[in-house]
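Peer 1: okay, here's the prediction I keep looking at, along with the sequence it came from:
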Amino acid sequence: MSGDDLGLFTDPEADERRPLKRDRSRDNARAKAKKRKKTVLWLVVALILAVGMGGAYYGYKELRGIGSFEDFAGTGEADAIVEVQDGDVVSKIASTLYDNGVIASARAFTEASKTDARVTSIQPGFYLMKTKMSGQNAVARMIDPKTRVPAVQVVGGLKLTDIQANGKTVKGIYSLLADASCTEKDGAKVCLTGDEIKAAAEQTDPVALGVPDWALADVKRAEPQYRLEGLIMRGVYQVKPGVSAVELLRGIIVSSSQKLQGAGIPGGTMNTGFRPYEVLVIASLIEKEAIEKDFSKVSQVIYNRIKKPMALQFDSTINYKNNQPHIRTSDADREAQGPYNTYINQNLTPTPIGSPSQQAIAAAIKPEGGDILYFVKCQTDGTSCFATTFEEHNANDQKAQKDGIY
């Protein structure tokens, strides 16, 4: 073959077709790329629209909330008891009312409250409300003093049970709790009795009553009628009406345990040489035997006499067992056997003999100091005179009798 013959193997038409194939391939690639760009573009547009619509809907909801909210009409239906806790602001009270079905929305109450500044002065406690009240009526009812369930005021030295003094009944803690448990519910007065509360206190497992761990062993050893004495310290207690006697007592004892902890029991008793429950007993004795300015001195007398050992010789412990007011005892009383007779026994009483105050607890934890062993009330305001020897005490005692102090 000649060189020219080699040209027979090159097809001019084929050469013309090859460029055409390359152009179609490029066109297809461009088309696919363009399609991908359009798809991405549409996705971006869709996303923008979705975000925009979501924002618009959220904005609509927010704007709608500014001018409208759910609200009931009328003064309400069924009774509902709600609790306002210490530190609750108006918005928190509104949420509590909403959670208890009193109002249709928290907003109904907060908006209505803007016209009455007294809402900001609502005190902690339980309130007898109605379900399905309008915000305006809920505000009016919350600020009405009669709506709030009365709190129980426990004073220092108060006993669990009633005592008779000069022909009058001095109500104990059980009776006060029973009175506070009463409320008008659906037109009828409903309440617990003092006997129901007393039975719950004596028969219920102390753990179920909320007795703190540091007191459990002593409470279980005590006679049932005395075992909760002293565990409800001086203070104000909110009582929830409409609950069982056990639930009512548990709420009070748990609340008192928190107060006791704040006063130093059990945490502050470590260096006293006494168990926390014994410090509680000492505080109750101090409360009964002295006025506040003499608390720390009487505490020192107790510490010194127990250390010797020496009988405390407190009339208050005998009168506690005999369920009598705090007066001097007879010879027969002082000679009668029993764990609460501190003329015979050289130990603390098995239980406290009343409700201690924070001041009495502080004195029980930190006594005055010194060697004093005796005291007697020597002034009409209840002030006591203290002595380190019996001779000094006898002189103070004789003077007090001469001055007509007792």
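Peer 2: Here it is on my side, so go on.
Peer 1: what about the residue nearest the centre of the chain, distance to Pro124?
Peer 2: The residue lying closest to the centre of the chain (CA atoms, centre = their mean) is Ser255, at 4.8 Å. Going from Ser255 to Pro124 by CB to CB, to the nearest Å gives 11 Å. Where you see a C-beta, it was placed from the backbone N, CA and C, and this is true even at glycine.
Peer 1: overlap of the contact sets of those two?
Peer 2: Gln238 (CB atoms under 8 Å, 6 or more residues apart in numbering).
Peer 1: now do the residue nearest to the centre of the chain, the pLDDT please.
Peer 2: Note for Ser255: predicted pLDDT of 95.
Peer 1: one more: the one 4 residues further on?
Peer 2: Looking at Lys259, its pLDDT is 97.
Peer 1: tell me the secondary structure at it.
Peer 2: helix (DSSP: H, G, I helix; E, B strand; the rest coil).
Peer 1: and it, how close does it get to Ser357?
Peer 2: In terms of CB to CB, Lys259 sits 10 Å off from Ser357.
Peer 1: shared neighbours of the two, which are they?
Peer 2: Met233.
Peer 1: which of the two has more neighbours?
Peer 2: The residue with more neighbours, out of Lys259 and Ser357, is Ser357; 23 against 18, by other CB atoms under 10 Å.
Peer 1: surely that one meets Gly156?
Peer 2: Yes. Taking contacts as CB atoms under 8 Å, Ser357 lies within contact range of Gly156: 3.9 Å.
Peer 1: before we move on, which element is Gln153 in?
Peer 2: Using DSSP states H and E, Gln153 falls within strand 152-154.
Peer 1: residues in contact with that strand?
Peer 2: Under CB under 8 Å, 6+ apart, the answer for strand 152-154 is 173, 176-177, 179-180, 232-239, 252, 355.
Peer 1: from these, which is closest to Gly268?
Peer 2: Sorting these by distance to Gly268 puts Met233 at the head of the list, at 14.1 Å, by CB to CB.
Peer 1: ok, now which ones touch that closest one?
Peer 2: Val154, Ser256, Lys259, Leu260, Ala263, Ser355, Pro356, Ser357, Gln358, Ile361.
Peer 1: surely Thr317 and Ile353 touch.
Peer 2: Yes. Applying CB under 8 Å, one finds Thr317 in contact with Ile353, separated by 5.9 Å.
Peer 1: before we move on, back to that, quick check: of the contacts of Met233, which has the highest neighbour count?
Peer 2: In terms of neighbours by other CB under 10 Å, the contacts of Met233 top out with Pro356 at 32 neighbours.
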